[in-house]
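Student: predicted structure and sequence below. I'll ask about it afterward.
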Amino acid sequence: MGTMKGRFLLALSALFSASAIAGEPAADRVTLRDGSVVLGLATSANAGSRGSVEIVVRRDWARTALPKQAPLWEKTVARTSRQALDQRRKRLETWKRERTAGAANRKPPAGAKGEDRILSWLDGELKRLADPASVSGSPLMSIKLPRSEVRGLERKPAAVERMFRLAWISNLPNPESMTAGELKNALESRGFATDLAAKSPPASLDKLLPPSVETDAAWLARRAATEVTVDPGLRFVRYQNLLFPDAPLDQAAAGGLGISTALDELKRLLDPNAQPAVDPLVKEFRAIESAGGAGAVVTRLALLPDLGGAAVEVTLWVRQAHEHWIPAGSRTATVRSGEVQAGAAGAIAADPQVQGAFQIIE
């Protein structure tokens, strides 16, 4: 009997969820104490008397649907955004000073004609932040509602949230009034591939929101990720204590690949009585810091203990202070020899970087 009741409740819940997706607005719904309804994307909800609900709303929608609350929200957002703008401006100026001071120690990207793309971007970003419209003109704003002002919160499934984010990004007219089905049709008519069961990560709304106060760790990770994307010589491949640039052999040699250092390390690996070597990353980190950089990516290869496969770990390293580097995030993948399809080894062996590594050893 209990099993039948459980199945009935589960089916009823699924039916309710389906009807909610099909017939209700796709936006998350916050009902205030006075009966007003806020439609947008709820980003957090904390219980308790001192809790709050944070929700992202479209400015134009709020001005039309909630003319009483919208001016107060915009005033609060403008105040916190000015603090964030001041914080970001100081960080960008520090970044620009460090990068300018390290220009002589930095190698330009291949094909570059004397222009530092990051410095150009920094100049443009500082100019943009000096414009008041960078705050007041943002299409979206994030508001924090005290729990005492909230009577109810209804959040939609993650798949619907992904579509609603795309609606804002693609500037669909009045998506707050659309059901999930209408939203899906409108997005697909614009060329978006939508799938309610998809598990793709949600699209970022950062460019549609005013700047927000950011922790030092988050900011430095963002800066480091920008540098390793644009600058050469910030990516390395590591096996045990052997480190070499993650680049084709000709570029690695041109970038200062120490062949003698690599050979010395190979000899040390074969000598059980050899003294431990200094971590080669320390030298590279110091060189990057002298060039005004704050980021590096290291891909580490390690054989599994049973020698039946290998693990690859890609780590973003971030400089937090003078000669103090920490890993900001990593991704790991493991493959066993039995999982490798026939012929895959030939494709790997033909890779220019793999051939370059063998040439170094030979």
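Tutor: Nice, I can see it.
Student: give me the below-cutoff pLDDT ranges for this structure.
Tutor: Where the chain drops to pLDDT under 70, the residues are 1-23, 48-49, 108-114, 132-136, 195-200, 247-277, 307, 338-362.
Student: strands of that one, start to end?
Tutor: Ranges of strands in the chain, per DSSP state E, are 28-32, 37-45, 52-58, 140-146, 150-154, 235-239, 242-245, 295-303, 309-321, 324-336.
Student: can I get the third one in PDB, CA atoms only?
Tutor: This file holds the C-alpha atoms of strand 52-58, laid out as PDB (Å, rounded to 0.1, in the frame of the first residue of the first chain):
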ATOM      1  CA  SER A  52      17.100  36.700   2.100                       C
ATOM      2  CA  VAL A  53      16.100  35.800  -1.500                       C
ATOM      3  CA  GLU A  54      18.300  37.100  -4.300                       C
ATOM      4  CA  ILE A  55      16.800  37.300  -7.800                       C
ATOM      5  CA  VAL A  56      17.900  38.800 -11.100                       C
ATOM      6  CA  VAL A  57      15.300  40.800 -12.900                       C
ATOM      7  CA  ARG A  58      15.200  42.800 -16.200                       C
END
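Student: still on that earlier bit, how about TSV for the strands of the chain, with distance to residue 70 and mean neighbour count added?
Tutor: For the C-beta atoms, the positions are set from N, CA and C on the backbone; glycine is no exception. Formatted as TSV, the strands of the chain follow (distance: least, Cβ to Cβ, whole Å; neighbours: other Cβ atoms under 10 Å):
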stretch	distance to residue 70	mean neighbour count
strand 28-32	13	19
strand 37-45	10	19
strand 52-58	9	21
strand 140-146	9	19
strand 150-154	17	14
strand 235-239	47	18
strand 242-245	53	22
strand 295-303	40	17
strand 309-321	39	16
strand 324-336	37	13
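Student: mind checking how far stretch 30-38 is from the chain centre?
Tutor: Mean-position distance between stretch 30-38 and its chain equals 33 Å (Cα atoms, centre = their mean, to the nearest Å).
Student: quick check: end-to-end length of it?
Tutor: Using Cα to Cα, to the nearest Å, one end of stretch 30-38 lies 5 Å from the other.
Student: can you name the residues that contact residue 65?
Tutor: By Cβ atoms under 8 Å, 6 or more residues apart in numbering, the contact list for residue 65 reads 37, 39, 176.
Student: okay, now the last one: neighbour count?
Tutor: It stands for residue 176. 23 (other Cβ atoms under 10 Å).
Student: ok, residue 152 - contacts?
Tutor: Residues in contact with residue 152, defined by Cβ under 8 Å, 6+ apart, are 29-31.
Student: if we go to 7 Å?
Tutor: residue 31 (Cβ atoms under 7 Å, 6 or more residues apart in numbering).
Student: could you measure it against residue 218, distance?
Tutor: From residue 152 over to residue 218 the distance is 32 Å, taken as Cβ to Cβ, to the nearest Å.
Student: how about the strands of the chain in JSON lines, adding distance to residue 118?
Tutor: Output for the strands of the chain, formatted as JSON lines (distance: least, Cβ to Cβ, whole Å):
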{"stretch": "strand 28-32", "distance to residue 118": "37"}
{"stretch": "strand 37-45", "distance to residue 118": "30"}
{"stretch": "strand 52-58", "distance to residue 118": "30"}
{"stretch": "strand 140-146", "distance to residue 118": "27"}
{"stretch": "strand 150-154", "distance to residue 118": "42"}
{"stretch": "strand 235-239", "distance to residue 118": "16"}
{"stretch": "strand 242-245", "distance to residue 118": "20"}
{"stretch": "strand 295-303", "distance to residue 118": "11"}
{"stretch": "strand 309-321", "distance to residue 118": "15"}
{"stretch": "strand 324-336", "distance to residue 118": "18"}
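Student: and those strands: which comes nearest residue 282?
Tutor: strand 324-336 (8.8 Å; Cβ to Cβ).
Student: now for the closest one, which elements pack on it?
Tutor: For strand 324-336, the packing partners by 3 or more Cβ pairs under 7 Å, 6 or more residues apart in numbering; DSSP states H and E come out as helix 216-230, strand 309-321.
Student: how far is the last one from where the chain is centred?
Tutor: What that stands for is strand 309-321. So, by Cα atoms, centre = their mean, the centroid of strand 309-321 is 15 Å from its chain's centroid.
Student: that strand: partners in the sheet, and parallel or antiparallel?
Tutor: Paired neighbours of strand 309-321 in the sheet (DSSP bridges): strand 295-303 (antiparallel), strand 324-336 (antiparallel).
Student: between helix 216-230 and the last one, find me the angle.
Tutor: If you take axes from the mean of the first three to the mean of the last three Cα atoms, to 10 degrees, strand 324-336 sits at 60 degrees to helix 216-230.
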